[in-house]
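Q: Show me the folded form of this:
(2 chains)
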Amino acid sequence: MSIISVGPKSKVTTSLAMAETVFLTGAFIAGLATLLYDKFPLQQSWQSFILSLHISFAMLTAFFGVALYTATSRERRRGLALLGMANAIFIGIAAAGGLLFYSTLDYVYSYVMALAFVGAYVTAVSCIFY
Amino acid sequence: MKLGETVYRFMDLVAKNNYVTGLSILQLLTLTALYSAGMAIPIFNLGLQGSAITAHIYGAITVAVLSLLILAASWRTSDLRLRVLALFNFLFVLMAAFEGLFYFGGFVDPSYALGMGIGFIGALFSNSALLFYSISH
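A: A predicted model of the protein is given here:
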């Protein structure tokens, strides 16, 4: 299978994937704290601090996701290119879900965001180790 | 490629590194299932009884058993990175299990649920790492 061929791998991809994983982990922990401690609509300033932390990590994740996509698309291994693209798509779905939840306060969208996160996380970690 | 050949190639992949690849695939699927069930509980305010928590607990038990099997399998390879990742996997699953059990057992403080979530993310990280490392090495 040409997807699972082993060959040279750029250090840029590995570094970007490591940064992406750190940001995704931070976004998850901040998001979980938001879910457990915040009550929507927000009334207290410490609640919005937790949410801002999550949004900051999420935005960093989005930017580095685009960077990871460009780095992996230049790789010789097709598997890495697929993983980078899948990472970007999952992040997009999660972002859409989160934004829709924030505007409508319908919890189904936050569930979509939570599920899409797992896909983004697995693909990002795989770009480090594949 | 013929179907038979594809199946054989897939089975060769699953058996790589003393079956760490195959076990990691199983653990990833179970982690996704338990995460879906577990996240539905606070998001939809389902409460700690019913089908969601039951599915979550069964998934968690499966993940715990699998992490021990992965640790055993990876120890029989002589690859240090596999062993370290499998050890982290086991320790994070242990952390998630303890924190979650304290939360479920009565210490209804959100910090225990947060600890369970951190254990989950560690387990997911090490599991994905194990899977893709053992596929490509």
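Q: all contacts plus neighbour counts: C-alpha atoms, from now on.
A: Noted.
Q: Distance check, residue B:65 against residue B:59.
A: Separation of residue B:65 from residue B:59 (C-alpha to C-alpha, to the nearest Å): 10 Å.
Q: Please say which of these two ends up with more neighbours.
A: Neighbour count, other C-alpha atoms under 10 Å in any protein chain shown: between residue B:65 and residue B:59, residue B:59 has more, with 21 against 14.
Q: Against residue B:128, how distant is residue B:75?
A: Using C-alpha to C-alpha, residue B:75 is found at 18 Å from residue B:128.
Q: tell me the mean pLDDT for stretch A:97-104?
A: Stretch A:97-104 shows a mean pLDDT of 94.
Q: before we move on, what about stretch B:89-106?
A: For stretch B:89-106, mean pLDDT rounds to 94.
Q: Extract the C-alpha set from that stretch and format it as PDB.
A: Output of stretch B:89-106 as PDB, limited to C-alpha atoms (Å, rounded to 0.1, in the frame of the first residue of the first chain):
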ATOM      1  CA  ASN B  89      -0.900   4.900  28.200                       C
ATOM      2  CA  PHE B  90      -1.400   2.600  31.200                       C
ATOM      3  CA  LEU B  91      -0.700   5.400  33.800                       C
ATOM      4  CA  PHE B  92      -3.000   7.900  32.100                       C
ATOM      5  CA  VAL B  93      -5.800   5.300  31.900                       C
ATOM      6  CA  LEU B  94      -5.200   4.600  35.600                       C
ATOM      7  CA  MET B  95      -5.500   8.300  36.400                       C
ATOM      8  CA  ALA B  96      -8.700   8.700  34.400                       C
ATOM      9  CA  ALA B  97     -10.200   5.600  36.100                       C
ATOM     10  CA  PHE B  98      -9.400   6.700  39.600                       C
ATOM     11  CA  GLU B  99     -10.600  10.300  39.100                       C
ATOM     12  CA  GLY B 100     -13.700   9.200  37.400                       C
ATOM     13  CA  LEU B 101     -14.500   6.600  40.100                       C
ATOM     14  CA  PHE B 102     -14.100   9.100  42.800                       C
ATOM     15  CA  TYR B 103     -16.500  11.400  40.900                       C
ATOM     16  CA  PHE B 104     -19.000   8.600  40.300                       C
ATOM     17  CA  GLY B 105     -18.700   7.300  43.800                       C
ATOM     18  CA  GLY B 106     -19.800  10.400  45.500                       C
END
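Q: near chain A at all, it?
A: No: shown here: stretch B:89-106 not in contact with chain A (C-alpha under 8 Å from any C-alpha of the partner chain), separated by at least 12.6 Å.
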